[in-house]
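K.L.:
with the sequence up front, the predicted model follows.
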Amino acid sequence: MKKNIIVQEKFYDVLIIGAGPIGLACGIECEKNSLSYIIIEKGCLVNSIFNYPTNMTFFSTSEKIELSGVPFVSHGVKPNRREALEYYRRVKESFGLNVNIYEEVLSITKSANSFKVRSDKNIYNSRFIIIATGYYDNANLLNIPGEDLSKVRHYFDEPHPYSGQNVAVIGAGNSAVDVALELFRVGANVTMIIREDKIKPSIKYWVKPDIENRIKEGSIKTFFESEIIKIESKELTLQQKNKKINIKNDFVFSMTGYHPDFSFLKKAGIKIGYDNTPEFNLKTFETNIKGLYLAGVVCGGINTDRYFIENSIKHSEIIINEIIKEISVRAT
């Protein structure tokens, strides 16, 4: 006979969804201001960074992504993925942050002055909610035939498995360029398919000459002003202006960007604007739902280049200050 599982409801001042750098920063501000809180993360700690390419180097220097004055010491001027994972683990332990990992929030329900939050493990009640979920879990799809084949990837780990293979990389941003160069260096036959007429000007300055030279010399074959229209098991079809071109292909890396979980935001009652940007107060980061805030890159919606770690850390201080003011108002 199956036993009923009794879930004890817990109450907090602040419930933070997402244990990335900005979610951790919000937790630190709660600690500093003696607010009861919990951070809930559906994956591991700083899950998005964990899923970055193994050899990735950050665009920002280490001091610009430090949290609350905890020194981030890296071997180079710009930290890498491994160093970032170690750093944020140390931050979590240093502040004794209250974090539940591998727990997914399923729903948020608003009542008069609080929220009921249901996860796949517990039920929580909280006076305020901060959503700091980022966007890296949701890839932008091409919506073309063959995109669901197992050879198509939206994330890159390391290049070794693709040595000697015919690999197509879609995109013109930093992620696409990094993937193309890493694959090229292990002996993959790399083809880039780029919708624009050139790589993006925002490419990391220390990488830009490398990719431009590889394209110029033909080491990385590149089709500009082109789009893939069909993917098959051993080849793909792209269209360049009015011409269709078939090329041999073993793997496709579709590095076309990512977006927040809009369905989750809408389910919580957050309005999404015409430009796929969540609606919130630019000064307080409070959404149209009173007491529910957005922090970090999730604020940018589909425009994922608006916010990043170094210019989002300050969101935590602003939001917690607003919450403290609201608590004072409610107490009077």
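P.N.:
Good, I have the coordinates.

K.L.:
please verify my assumption that Ile131 contacts Tyr293.
P.N.:
Yes - the pair Ile131 / Tyr293 is scored as a contact, 7.2 Å apart, by Cβ atoms under 8 Å. From N, CA and C alone the C-beta is placed, and that goes for glycine too.

K.L.:
how many residues are close by Phe59?
P.N.:
17 (other Cβ atoms under 10 Å).

K.L.:
kindly report the same for the one 3 residues further on.
P.N.:
Other residues near Ser62 number 20, with proximity taken as other Cβ under 10 Å.

K.L.:
ok, now Glu196?
P.N.:
12.

K.L.:
how about the contacts made by it?
P.N.:
Going by Cβ atoms under 8 Å, 6 or more residues apart in numbering, Glu196 touches Ala172, Phe224, Glu225.

K.L.:
any idea which element it lies in?
P.N.:
Counting by DSSP states H and E, no helix or strand carries Glu196.

K.L.:
and it, what are its phi and psi?
P.N.:
phi -80, psi 180 (degrees, to the nearest 10).

K.L.:
swap in Asn303?
P.N.:
When read as degrees, to the nearest 10, the backbone of Asn303 gives phi -90, psi 80.

K.L.:
what separates it from Asn242, distance-wise?
P.N.:
Applying Cβ to Cβ, to the nearest Å, the value for Asn303 to Asn242 is 31 Å.

K.L.:
ok, Glu322 next?
P.N.:
Taking Cβ to Cβ, one finds Glu322 at 54 Å from Asn242.

K.L.:
so which of these two has more stuff around it?
P.N.:
Higher neighbour count among Glu322 and Asn242: Glu322, with 18 against 5, using other Cβ under 10 Å.

K.L.:
can you confirm that one is in a helix?
P.N.:
Yes - counting by DSSP: H, G, I helix; E, B strand; the rest coil, one finds Glu322 located in a helix.

K.L.:
excluding its backbone neighbours, what's nearest it?
P.N.:
Once flanking residues are discounted, Glu322 sits nearest to Thr284: 4.8 Å by Cβ to Cβ, 6 or more residues apart in numbering.

K.L.:
helix or strand: which one has the one you found?
P.N.:
If you go by DSSP H and E, Thr284 is not part of any helix or strand.

K.L.:
wait, Leu238 touches Phe223, no?
P.N.:
Yes - here Leu238 lies in contact with Phe223, judged by Cβ under 8 Å, at a distance of 6.0 Å.

K.L.:
these two: which has the busier surroundings?
P.N.:
Between Leu238 and Phe223, Leu238 has the larger neighbour count (other Cβ under 10 Å), namely 21 against 18.

K.L.:
dump the residue contacts of that one.
P.N.:
Leu238 sits next to Ile193, Phe223, Ser226, Glu227, Ile228, Ile229, Lys244, Ile245, Ile247 when contact means Cβ under 8 Å, 6+ apart.

K.L.:
which stretches of the stretch 51-200 of the chain form helices?
P.N.:
Assigned by DSSP state H, counting those that start in this stretch, the stretch 51-200 of the chain shows helices spanning 81-95, 174-185.

K.L.:
mind putting those helices into TSV with distance to Leu35, mean pLDDT and mean neighbour count?
P.N.:
Shown next, in TSV, are these (distance: least, Cβ to Cβ, whole Å; pLDDT from 0 to 100; neighbours: other Cβ atoms under 10 Å):
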stretch	distance to Leu35	mean pLDDT	mean neighbour count
helix 81-95	13	95	17
helix 174-185	36	94	22
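
K.L.:
tabulate these (JSON lines), appending distance to Asn122.
P.N.:
JSON lines is the format used below for those (distance: least, Cβ to Cβ, whole Å):
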{"stretch": "helix 81-95", "distance to Asn122": "20"}
{"stretch": "helix 174-185", "distance to Asn122": "35"}
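
K.L.:
good, we can wrap up now.
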